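*Asks:* 3D model of this:
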Amino acid sequence: MTESSAIKSLVRYAIREHLISPLDEKWAINRLLERMKMDSFDMDAEVFESESLENLLKVLLDYACENGLCEDSVVYRDLFDTKIMGVLTPRPSRVIENFFEFYKSSPQEATKYFYHVARRSNYIREYRIRNDVKWVTSTEYGDIDITINLSKPEKDPKAIAAALKMKQSSYPLCMLCPENEGYAGRVNHPARQNHRVIPMILGSENWCLQYSPYVYYNEHCIVFNEKHVPMKITKEGFKRLFSFVEKFPHYFVGSNADLPIVGGSVLTHDHYQGGNYTFAMAKAPIETLVSFDGFDDVTAGIVCWPMSVIRLVGENTASICDLAGKILDKWRSYTDKEAFIFAETDGTPHNTITPIARFRNGKYELDLVLRNNITTEEYPDGVYHPHPEHHHIKKENIGLIEVMGLAVLPSRLKTEMSLLKDALVNGDDISKIEAIAKHYEWAEKIKANNEITEENCERIIQNEIGKVFAEILEQCGVFKRNAIGKSQFLKFIEAVNN
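*Replies:* Numbering: from 1, shown residues only. Okay, here's the model as predicted:
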């Protein structure tokens, strides 16, 4: 395919996907020629209607690399193809106008349109997301989702070296700031010419809606404060969560905790994550009903889940938020030495909450996941954190998405699982294979508990990884899943009442 064919086909793609109007065709071709620094164009070039977006961009990226417009590495190619797609992405004002016009029909129509723009503009690189490895493992807590994320490319050595030489930039302040919209990017900050955000009011503050470029689940969105302010779990935050759910009742929305270890990867910019997906935790029932004095209009209970979760259900969001604020205040200051829960040590606070809001069966729900980030000599990464025996699978923080029952595992596991499968099937000594020696003790247990064949080995490994993740969630629960832990949990409930 020639470059002229790629440009014509790309413009037709943008028209077909309603990113631009047919009236924009000649203008778009000329803008792309400018981007590609091409002096000539074959007006009779063939149009390939069925060619994938990935292949069309590849033709133009190869041309750019061959002609010195772009270095031939994944980071630089990503910067350049985003510049190309920025030409074909509707202006922010048009996207916002269309969004709220669709919203008049229904919130679902509005988000459907916005998600379409994010996907078809290549802001969400769907061809990479299709490479993610996904499966479901059945556990006593329900079906837990597992994914090995491969859609976020690793930086190549050239880009890493270039980033080290770059002057530190304070614009945008972070990757969640609204100033990213249309930003050209650099080797240590992704290009965002095809990025769009929707403004909205939550509570009395200006917030924005965007989609995650890495889409861990259906319509994975990010809701962020217009201002660059740090994460903080508060009663006002609970109100904002419900303000969002009232606007988009088909979406859940939740917040990472606001402390290191138990929080998300970005604590410097207040934000939530949501989407059109039902996680295992949402499906988990209340196993023990509890009551809170003065809140007869709120149904409350401990959820049957590996982590320590209080679910509040009712029709009055103000009442739910008042109770949630009371629980939060008590938890912030709560210490139970027998349960190894300390509100603070040496002036450092440890207790916080991961909240998740949703609308279901005509009522509002707020799940409050109790978190604690204390560390010890035995557990320097955190007591309520993946323990060392599971670090061969995952050692990173357990954030909001994983709290709800979706494991986001490191990309290295794809290769390691393949090597482990071959070793188990062939009877190799795994302790002697450097790349997977870390899995030796775990693999020995797998061999002891399963009849392994070529046909079933992959599925067995997947199931065992799922079981490990369920155990990790149990380790992150501040009250253990046994009689003593249950008693300690109920003791906290009484403390809230008292």
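
*Asks:* Lowest-scoring secondary structure element of this structure by mean pLDDT?
*Replies:* Scoring the helices and strands of the chain by mean pLDDT, DSSP states H and E places helix 157-165 at the bottom, with a mean of 55.

*Asks:* Surely Ser319 forms part of a helix?
*Replies:* Yes - per DSSP: H, G, I helix; E, B strand; the rest coil, Ser319 lies within a helix segment.

*Asks:* neighbours around the residue lying closest to Ser5 once chain neighbours are set aside, how many?
*Replies:* The shortest distance from Ser5 to any non-neighbouring residue, by C-beta to C-beta, 6 or more residues apart in numbering, is to Ala45 (4.3 Å). For glycine as for every other residue, the C-beta is placed from the backbone atoms N, C-alpha and C. Ala45 has 16 neighbouring residues, counting by other C-beta atoms under 10 Å.

*Asks:* So Ala45 sits against Thr2, correct?
*Replies:* Yes - with contact defined as C-beta atoms under 8 Å, Ala45 and Thr2 form a contacting pair (5.8 Å).

*Asks:* show me what contacts His271?
*Replies:* Listed by C-beta atoms under 8 Å, 6 or more residues apart in numbering, the contact set of His271 reads Leu176, Ile222, Val223, Phe224, Asn225, Met231, Ser255.

*Asks:* Which residues belonging to the helix or strand harbouring the fourth one are considered buried?
*Replies:* The secondary structure element spanning Phe224 is strand 221-225 (assigned by DSSP states H and E). Going by neighbour count (16 or more other C-beta atoms under 10 Å), the buried part of strand 221-225 is Cys221, Ile222, Val223, Phe224, Asn225.

*Asks:* what's the distance between the residue sitting nearest the centre point of the chain and Glu126?
*Replies:* Centroid-nearest residue in the chain: Tyr216, 5.3 Å away (criterion: C-alpha atoms, centre = their mean). From Tyr216 over to Glu126 the distance is 14 Å, taken as C-beta to C-beta, to the nearest Å.

*Asks:* burial count for Asn218?
*Replies:* So Asn218, with other C-beta under 10 Å, has 10 neighbours.

*Asks:* so is it in a helix, a strand, or just coil?
*Replies:* Under three-state DSSP, Asn218 comes out as coil.

*Asks:* Report the distance from stretch 35-49 to the chain centre.
*Replies:* Mean-position distance between stretch 35-49 and its chain equals 38 Å (C-alpha atoms, centre = their mean, to the nearest Å).

*Asks:* same question, stretch 170-180
*Replies:* A distance of 18 Å separates the centroid of the chain from that of stretch 170-180, by C-alpha atoms, centre = their mean.

*Asks:* Do a quick rundown of the helices in the stretch 201-350 of the chain.
*Replies:* With DSSP state H, counting those that start in this stretch as the criterion, the stretch 201-350 of the chain has helices at 235-247, 280-283, 317-332.

*Asks:* can you put these in JSON lines and add distance to His195?
*Replies:* Shown next, in JSON lines, are the helices of the stretch 201-350 of the chain (distance: least, C-beta to C-beta, whole Å):
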{"stretch": "helix 235-247", "distance to His195": "20"}
{"stretch": "helix 280-283", "distance to His195": "29"}
{"stretch": "helix 317-332", "distance to His195": "31"}
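
*Asks:* and of the ones you listed, who's closest to Glu54?
*Replies:* Glu54 lies closest, by C-beta to C-beta, to one member of the helices of the stretch 201-350 of the chain: helix 280-283, at 32.3 Å.

*Asks:* Low-confidence stretches in the stretch 201-350 of the chain?
*Replies:* Judged against pLDDT under 70, the stretch 201-350 of the chain has no low-scoring part.

*Asks:* and with 80 instead?
*Replies:* For the stretch 201-350 of the chain, the stretches with pLDDT under 80 are 264-265.

*Asks:* all strands of the stretch 51-200 of the chain, in order?
*Replies:* Secondary structure of the stretch 51-200 of the chain by DSSP state E, counting those that start in this stretch: the strands cover 133-139, 142-148, 198-202.

*Asks:* between those, which one is nearest to Ile398?
*Replies:* strand 142-148 (12.8 Å).

*Asks:* helices or strands up against the closest one?
*Replies:* Using 3 or more C-beta pairs under 8 Å, 6 or more residues apart in numbering; DSSP states H and E, the elements in contact with strand 142-148 are strand 133-139, helix 280-283, strand 406-409, helix 412-426, helix 457-476.

*Asks:* Which stretch among these is buried most, on average?
*Replies:* strand 406-409 (a mean of 21; mean count of other C-beta atoms under 10 Å).

*Asks:* For that strand, what does the pLDDT average out to?
*Replies:* For strand 406-409, mean pLDDT is 95.

*Asks:* Now tell me what touches it from outside.
*Replies:* 144-149, 216-217, 279-280, 393-394, 401-402, 465-466, 469.

*Asks:* Any of the residues you listed buried? List them.
*Replies:* Here, 16+ other C-beta under 10 Å leaves 144-149, 216-217, 279-280, 393-394, 401-402, 465-466, 469 buried among the contacts of strand 406-409.

*Asks:* which outside residues touch stretch 238-250?
*Replies:* Residues outside stretch 238-250 that contact it (C-beta under 8 Å, 6+ apart) are 107-108, 111, 200-203, 205, 207, 223, 251-255, 272, 274, 276, 317-318, 320-321, 324-325, 328, 355-359, 364, 366.

*Asks:* at 6 Å instead, please
*Replies:* Pro107, Gln108, Leu202, Gly203, Val223, Val253, Asn276, Thr317, Cys321, Ala324, Ala357, Phe359 (C-beta atoms under 6 Å, 6 or more residues apart in numbering).

*Asks:* give the contact list for the second one.
*Replies:* Going back to what we said before, that points to Gln108. Counted by C-beta under 6 Å, 6+ apart, Gln108 has contacts His250.

*Asks:* And it, how close does it get to Phe102?
*Replies:* For Gln108, the distance to Phe102 (C-beta to C-beta) stands at 9 Å.

*Asks:* what does Thr2 give?
*Replies:* 38 Å.

*Asks:* which of these two has more neighbours?
*Replies:* Phe102 (17 against 13).

*Asks:* which residues does the more buried one contact?
*Replies:* Neighbours of Phe102 in contact, by C-beta under 6 Å, 6+ apart: Glu109, Ala110, Tyr113.

*Asks:* How about Asp132?
*Replies:* If a contact means C-beta under 6 Å, 6+ apart, then Asp132 has Thr147, Asn149, Leu150, Ser151 as its contacts.

*Asks:* between those, which is closest to Ser418?
*Replies:* Checking the contacts of Asp132 one by one against Ser418 (C-beta to C-beta), the nearest turns out to be Leu150, at 13.1 Å.

*Asks:* to the chain's geometric centre, what's the distance from stretch 442-461?
*Replies:* 30 Å.

*Asks:* Would you mark the buried spots in it?
*Replies:* For stretch 442-461, the neighbour count (16+ other C-beta under 10 Å) marks Trp442, Ala443, Ile446, Ile452, Cys457, Glu458, Ile460, Ile461 as buried.
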